[in-house]
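Here is my input, please return the structure:
(one chain, ligands or ions: 2)
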Amino acid sequence: MTGGASVDARLAADLAAAAGELLVALRAEGGLSGTELGDAGDQQANDLLLERLRAERPDDAVLSEESADDRRRLAADRVWIVDPLDGTREYRTEGRRDWAVHVALWFAGTGLVAGAVALPALGVTYDTGSMPVEPVAGLLDPRADDTPRVVVSGSRPPTFSDAVADAVGGVVTPLGSAGAKAMAVVRGEADAYVHAGGQYEWDSAAPVAVAEAAGLFCSRIDGSPLRYNSDDVYLPDLVICRPELSDTILAALRRAR
Ligand SMILES: Nc1ncnc2c1ncn2[C@@H]1O[C@H](COP(=O)(O)O)[C@@H](OP(=O)(O)O)[C@H]1O
Ligand SMILES: [Mg+2]
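Numbers count the residues shown, from 1 in each chain. Ligands and ions are numbered 1, 2, ... in the order given. Take a look at the predicted model:
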């Protein structure tokens, strides 16, 4: 990683962690619940990220799930792609820990160059510059054996979930939030994350940046590259997996689609 990218990775991690702390505190206050809690979390975390980015990177463009799309990003060299609260549904469900804050940086001509995913309920932030060295208590039950786990959306699992799990001799494991699922693979708690049927660039940019930095395989389900800062930010499907599983998973996806 270049010096500039590691400075940006540190900023991404600081911002994601700060938004995560805000979200933990908002939830702990107990004044809001249900959609009101989710909406307030989305809004306040977005405000924090935009304010900090304006202060620290005033020349950069921003693409956020929670802001109107500023089309100047299409001519910009540097675009921050942020999801202030990924897994809003889980965040507003008492006791759930599978939600995340995503902050990624896209660079013209290169793609994703830095990023961070905070898992505030676990108190850990992953970024492209450094991985947590301490073992982190995870989101899934400890493994009883070495059966591969394929994590999928709890609410909108892809139709091919079973086919992918069968192909790797594994089991389908539902979990909320794209960032939480991708980091479960980074952490080694799961072996693959597959999704299809709908998602946007902010749902996967930071998770993919961190997963790639951790040496994982990432692509669309047809094996083509994931592209960011596109005109249309709809990016409906992805695979993130241990590199040795990618051929098997892509072959299963070709058969199942
Ligand atoms: N079919 C679909 N269409 C649009 N967005 C989807 C989707 N399936 C999942 N997502 C989004 O992807 C993120 C992870 O979803 P899941 O937990 O189901 O895996 C969520 O982001 P947000 O929580 O930021 O809205 C969710 O809204
Ligand atoms: Mg999201």
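
what are the ranges of the strands in the stretch 101-250 of the chain?
111-119, 124-127, 149-153, 171-175, 192-195, 217-219, 238-241 (DSSP state E, counting those that start in this stretch).

just checking, what packs against the first one?
Judged by 3 or more C-beta pairs under 8 Å, 6 or more residues apart in numbering; DSSP states H and E, the packing partners of strand 111-119 are helix 3-29, strand 100-107, strand 124-127, helix 178-187, helix 201-213. Placement of C-beta: from N, CA and C, glycine included.

avg pLDDT for that strand?
Strand 111-119 shows a mean pLDDT of 98 in the predicted model.

How about stretch 193-205?
Averaged across stretch 193-205, pLDDT comes to 98.

Could you list the buried residues of that stretch?
193-196, 199-205 (16 or more other C-beta atoms under 10 Å).

give me every residue that touches the residue in the stretch 1-150 of the chain that ligand 2 sits nearest to.
For the stretch 1-150 of the chain and ligand 2, the shortest gap (C-beta to the ion) falls at residue 86, measuring 3.5 Å. Residues in contact with residue 86 (C-beta atoms under 8 Å, 6 or more residues apart in numbering) are 99-102, 177-180, 202-203.

is it possible to export the residues you listed to a markdown table including distance to residue 166?
A markdown table is the format used below for the contacts of residue 86 (distance: C-beta to C-beta, whole Å):
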| residue | distance to residue 166 |
| --- | --- |
| 99 | 29 |
| 100 | 28 |
| 101 | 34 |
| 102 | 30 |
| 177 | 25 |
| 178 | 23 |
| 179 | 26 |
| 180 | 24 |
| 202 | 31 |
| 203 | 26 |
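
which of the residues you listed lies closest to residue 6?
The nearest member of those to residue 6, counting by C-beta to C-beta, is residue 102 at 18.6 Å.
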